[in-house]
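# sequence? don't have it. structure:
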Ligand SMILES: Nc1ncnc2c1ncn2[C@@H]1O[C@H](COP(=O)(O)OP(=O)(O)OP(=O)(O)O)[C@@H](O)[C@H]1O
Ligand SMILES: [Mg+2]
């Protein structure tokens, strides 16, 4: 069975990504807040491709 749950690019996620793009463009620090479980952590991980970064950080943690 495939354990990996795929990320759904919801309308809320698209707004989140626009917000992140704007932070990068204008060099702002953005704060994302919302009710528990709405997808803040998952959205951030997906936007930053964190699984890929994490793979490359792991050897440094050894
Ligand atoms: N875009 C999405 N696609 C698929 N699943 C999602 C998505 N957003 C949220 N989920 C589901 O909702 C769960 C909670 O998401 P997440 O942990 O990102 O919430 P959170 O906003 O960070 O919550 P908390 O405030 O408690 O940290 C995920 O484990 C996942 O199952
Ligand atoms: Mg979270």
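It's in. On a predicted model such as this, the values are computed, not experimentally measured, just so you know. Ligands and ions are numbered 1, 2, ... in the order given.
# which element is residue 47 on?
Assigned by DSSP states H and E, residue 47 falls within helix 40-48.
# one more: residue 60?
helix 50-61.
# how about residue 24?
Counting by DSSP H and E, residue 24 is found in helix 11-26.
# that helix: which residues count as buried?
13, 16, 20 (16 or more other CB atoms under 10 Å). Backbone N, C-alpha and C define where each C-beta goes, glycine included.
# low-confidence ranges, this structure, go.
1-4, 62 (pLDDT under 70).
# report the closest residue of this structure relative to ligand 1.
residue 39 (2.7 Å; CB to the nearest ligand atom).
# for ligand 1, tell me which of the buried residues of helix 11-26 show up nearby.
Contacts with ligand 1 within those, counted by CB under 6 Å from any ligand atom: residue 13.
# now the angle between helix 50-61 and the helix holding residue 47, please.
90 degrees (axes from the mean of the first three to the mean of the last three CA atoms, to 10 degrees).
# please point out which parts of helix 40-48 sit buried.
43, 46.
# what does that helix rub up against?
7, 12, 13, 16, 17, 20, 32, 33, 34, 50, 51 (CB atoms under 8 Å, 6 or more residues apart in numbering).
# next, give me the two most distant ones among the residues you listed.
33 and 51 (23.7 Å; CB to CB).
# more crowded one of the two?
residue 51 (10 against 6; other CB atoms under 10 Å).
# show me the contacts for that one.
Contacts of residue 51 by CB under 8 Å, 6+ apart are residue 45.
# against residue 25, how distant is it?
Shown here: residue 51 relative to residue 25, a distance of 25 Å by CB to CB, to the nearest Å.
# repeat for residue 33
On the measure of CB to CB, residue 33 and residue 25 end up 21 Å apart.
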